[in-house]
Structure formats: structure tokens, C-alpha cells
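Participant: here are the coordinates; sequence isn't available:
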């Protein structure tokens, strides 16, 4: 499965999958960004591949996004390689403004290794399911680092608690084993004015595993520079690269 990108016009009229933002956020003030999206007052929408469910809405100050996925590979990509929310105030498909959370990286791999050391997989289907949920929960537990894209030449790395421009983002595992992502983004945090936007394109995508480049030498066909950890991760994600 390739990284999924969904684009829709949030504020435009007559576009495919268009939404009336003002009508869809009557309870926006009641939304708590904690990874529990049950208070949202609308029915989930689905992407064409039925990998992600989502909703997007806005009021005069803020953009609200919630995303849910139960797909095994999507969850693995999200936790290990990151999840990026893109938006284009010109209503096009440019990826100039965005928010990457989780940011991905070695931390996810280390958390998985820690859980595997501390837990044993049982033989019953129920025990295996519980173990899988424990892995899924550990991969996103306590994640603080996010990247703000488009505010400077390079992404700005910050922590959720350290952000002062009002952005709120969270991800959690629900009872069904799905990842639930929530974000509240003030328009002003990206130097945008809701009143000046006639059409806003929203997209989101998981990261993907990129095979490290290996140097060829005169002595060896391939210079073996991969660590045991990297080789393990390559093996674990080989099916992702094939799909």
C-alpha cells in the first residue's frame, strides 16, 4: 500500500467531497484534542481505498481534523515514518504548509523493541490480539515532537507542550485497535485569515520506508553498513514496499 493522500475542497462550493465547514462545526468549542474523537457531531467519511476515515471542518478561527485507521500497514507507517497533514489555502495540491505528527524516527523502533522485551505473546487469539494492541499503543505513547512545515525554510521542530501558537494535536489507540488522530489548527498560526480563504485543500499521508543507499566498493559488491536494527526494520516493512 502506497502512502495515502486525500485531497478535498473544504471551503469551496460544488467540488467533489466538498464540505460546508460552518455547518459541520456547530459543536467545535466542545472538541477536546486528545485522540478520543467521539464528541465530533458528524459521521465518518472514507477515502477511496477505505484505509482512512476522516472529517474536516472549520469555524472562523480554527481548522479541525480527525482521522482514523484500523489498517495494519497504515498504522505501522504512521508510527514509524510519520503522518503529515497538508493544507493549501489556494485550493490546489501544493504541499507547502503542513504539520507532521507523529514525526517518526528511531524512537518508534525503540519503543517496539522495549515492548517485545517486556511482554510475552500468548497462544490464544485473544492473547495475540491484546499483545498487538500493546505494541500499537506503545508505538504512539508519549510522543511530543512535531514538525511545523511552511513557516520557515526548514520544518520547525517543537513539542506539543512547547507550542505557543495554539496548535493542538494528539493520537491515541481506541478500543477497537484503531489509531485516532485529532488536530486543531488556528488559521493565524500559519499566518492565514479564514475570511480571505475561498477554497482550502486538505490532504494527509503516511510516511514510507526509504531503503538506505549502500555504497559499492572495489572489494565488496555491497558495503554492509546496515545495523542489526536497520536490517530488522527492513525485513518488517518489506511487504509495505512491495504493495
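Facilitator: Arrived safely. Just so it is clear, the structure is predicted and the values come from calculations on it, not from any experiment.
Participant: helix or strand right after the biggest helix by length in the chain?
Facilitator: What stands out as the longest helix in the chain, according to DSSP state H, is helix 125-140. For helix 125-140, the following helix or strand on the C-terminal side (DSSP states H and E) is strand 145-149.
Participant: how about the helix or strand that comes right after that next one: buried residues?
Facilitator: Next along the chain after strand 145-149, taking DSSP H and E as the criterion, comes strand 156-159. Neighbour counts over strand 156-159 (16 or more other Cβ atoms under 10 Å) mark residue 158 as buried. Using the backbone N, CA and C atoms, a C-beta is placed for each residue, glycine as well.
Participant: equivalent analysis for stretch 54-68, please.
Facilitator: Quick answer for stretch 54-68 (16+ other Cβ under 10 Å): 54-59, 62-68.
Participant: and stretch 89-107, by the same measure?
Facilitator: 89, 91, 97, 98, 99, 100, 101, 102, 103, 104, 107.
Participant: on that earlier part again, most widely separated two among the buried residues of stretch 54-68?
Facilitator: 59 and 68 (21.7 Å; Cβ to Cβ).
Participant: now the helices: where do they sit in this structure?
Facilitator: Per DSSP H, the chain carries helices over the ranges 21-24, 72-81, 106-118, 125-140, 228-236, 238-242.
Participant: distance between the ends of stretch 43-55?
Facilitator: 8 Å (Cα to Cα, to the nearest Å).
Participant: list the contacts of the closest residue to residue 129 other than its chain neighbours.
Facilitator: Spatial nearest neighbour of residue 129, excluding adjacent residues (Cβ to Cβ, 6 or more residues apart in numbering): residue 177 at 7.6 Å. By Cβ atoms under 8 Å, 6 or more residues apart in numbering, the contact set of residue 177 is 70, 129, 132, 133, 136.
Participant: now the closest residue to residue 155 other than its chain neighbours: how far from residue 174?
Facilitator: Counting by Cβ to Cβ, 6+ apart, residue 155 lies nearest to residue 147, which is 4.1 Å off, once chain neighbours are set aside. Remark: distance between residue 147 and residue 174 (Cβ to Cβ, to the nearest Å) = 25 Å.
Participant: bridged to residue 87, which residues?
Facilitator: Residue 87 has these beta-bridge partners by DSSP bridges: residue 97, residue 202.
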